[in-house]
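> Here's a sequence, model it:
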Amino acid sequence: MERTKEEISRNMSLIKGKDTKIELMLRSALFKLGLRYYKNYSKLVGHPDIYFPTSKVVVFVDGDFWHGHYFDKQKDSLKKNSEYWIEKIEKNMQRDTYVTHLLESDGYIVIRVWEDEIKKDLPRVCDIIYRQVKRTDNPYSDK
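Numbering: from 1, shown residues only. This is a model prediction of the structure:
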């Protein structure tokens, strides 16, 4: 059964940009590890999903579809309005690269985590973030 433009539009409008289930899962796990952070920090370019100010670590939780995780495979499977989606996802990928570059050039440590990484191995993702935050939090560590 083919969906109408209105049905597709309605479904797309329901997709959340922040506080997604996957972000909540990651933030909850990080909080349980004793890490404190800002969420969706609007004073930094790109509005990082998670921001640790004392260590200057920012974390972006990138949705697999929206940020082009499997884009080479994904492109071929787009049936409806494929030109639009290819252009949109490519722009998202370019923006992600640009934002990462800007933040890193300002001295921030940028961690980008794919949605499926969190689903498959949350403890490993948390460990990567924890180690980075704690390494840079320690004023006596080798930076």
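
> close enough to count as contact, Trp114 and Asp64?
Yes. Assessed by C-beta atoms under 8 Å, Trp114 is found in contact with Asp64 at 6.0 Å. Quick note: C-beta positions are derived from backbone N, CA and C, even for glycine.

> can you pull out the helices in this structure?
Along the chain, counting by DSSP state H, helices occupy 5-13, 21-32, 71-77, 82-105, 115-137.

> which residues sit against the second one?
Residues lying outside helix 21-32 but in contact with it, judged by C-beta atoms under 8 Å, 6 or more residues apart in numbering, are 37, 39, 49-50, 59, 61, 63, 113, 115, 118-119, 122-123, 125-126, 129-130.

> so where's the protein uncertain?
1-17, 65-67, 70-73, 75-82, 136-143 (pLDDT under 70).

> What residues does the spatially most central residue of it make contact with?
Note on the chain: the residue nearest the mean C-alpha position is Val61, at 2.0 Å, using C-alpha atoms, centre = their mean. When contacts are counted by C-beta under 8 Å, 6+ apart, Val61 touches 20, 22-23, 26, 49-50, 113, 115, 118.
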